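1. output the structure for:
(one chain, ligands or ions: 2)
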Amino acid sequence: MAEQDHDDPPTCRICFEPALRQRGGRLVQPCSCAGSMAHIHESCLAEAERHSSTPGWCSVCRGRLRAPRRPLSPHVWLTAAVGAALACIATCLDVAEERRELQQAEQARLERRQRSREARLERERQDMVQQERQRRQTEEQRTVVGKAALMLAHFAIQPY
Ligand SMILES: [Zn+2]
Ligand SMILES: [Zn+2]
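-> Ligands and ions are numbered 1, 2, ... in the order given. Okay, the predicted model is just below:
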């Protein structure tokens, strides 16, 4: 069994033709056979299988014949493409939903912070008002006490 030159395109071990464009013209490697015996047209393999005394098994290497992988039909392609697109859309929607929830959470956090800031400012304002009121009261009391003291002093200085 002569090794096939690597520069030569692989040829079919039945009809010695390279890969053909026609239906079944794809070259496949269904078994462990190597070199010039490695490749076979799908149609030639099918034909050989029809006349084989041991279908499913290679008569040369005695190995199990692998079913050649069929190229995907347009229907399968379309189904796969639509499935992939739907999965992508679903993922996009999930991401969008997640982002929207994150934005809402961030918004709520900001609003809470804003409310707590306003509440703090309001408390501070009320505290200031309260302090101011107390200061005024203290001042008024001081004034009253001061006036009383002045009067007492006045009477003390000029009792008669
Ligand atoms: Zn062939
Ligand atoms: Zn074989």
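2. for the protein, what spans make up the helices?
-> Assigned by DSSP state H, the helices in the chain fall at 42-51, 74-157.
3. close to ligand 1, is the first one?
-> Right, helix 42-51. Yes - Helix 42-51 comes into contact with ligand 1 (Cβ under 5 Å from the ion), by way of Cys44. Quick note: C-beta positions are derived from backbone N, CA and C, even for glycine.
4. export that helix as PDB, just CAs?
-> Only the C-alpha atoms of helix 42-51 are listed here, as PDB (Å, rounded to 0.1, in the frame of the first residue of the first chain):
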ATOM      1  CA  GLU A  42     -19.900   8.900   0.100                       C
ATOM      2  CA  SER A  43     -21.700   7.600  -3.000                       C
ATOM      3  CA  CYS A  44     -19.000   5.000  -3.700                       C
ATOM      4  CA  LEU A  45     -19.100   3.900   0.000                       C
ATOM      5  CA  ALA A  46     -22.800   3.500  -0.200                       C
ATOM      6  CA  GLU A  47     -22.500   1.600  -3.400                       C
ATOM      7  CA  ALA A  48     -19.800  -0.700  -1.900                       C
ATOM      8  CA  GLU A  49     -21.900  -1.200   1.200                       C
ATOM      9  CA  ARG A  50     -24.800  -2.400  -1.000                       C
ATOM     10  CA  HIS A  51     -22.600  -5.100  -2.500                       C
END
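5. show me what it is packed against.
-> strand 27-28 (3 or more Cβ pairs under 8 Å, 6 or more residues apart in numbering; DSSP states H and E).
6. for the last one, same thing?
-> Of the remaining helices and strands, none touches helix 74-157 by 3+ Cβ pairs under 8 Å, 6+ apart.
7. list, one by one, the residues from this structure near ligand 1.
-> Cys12, Ile14, Cys15, His41, Cys44.
8. top of those residues by neighbour count?
-> His41 (24 neighbours; other Cβ atoms under 10 Å).
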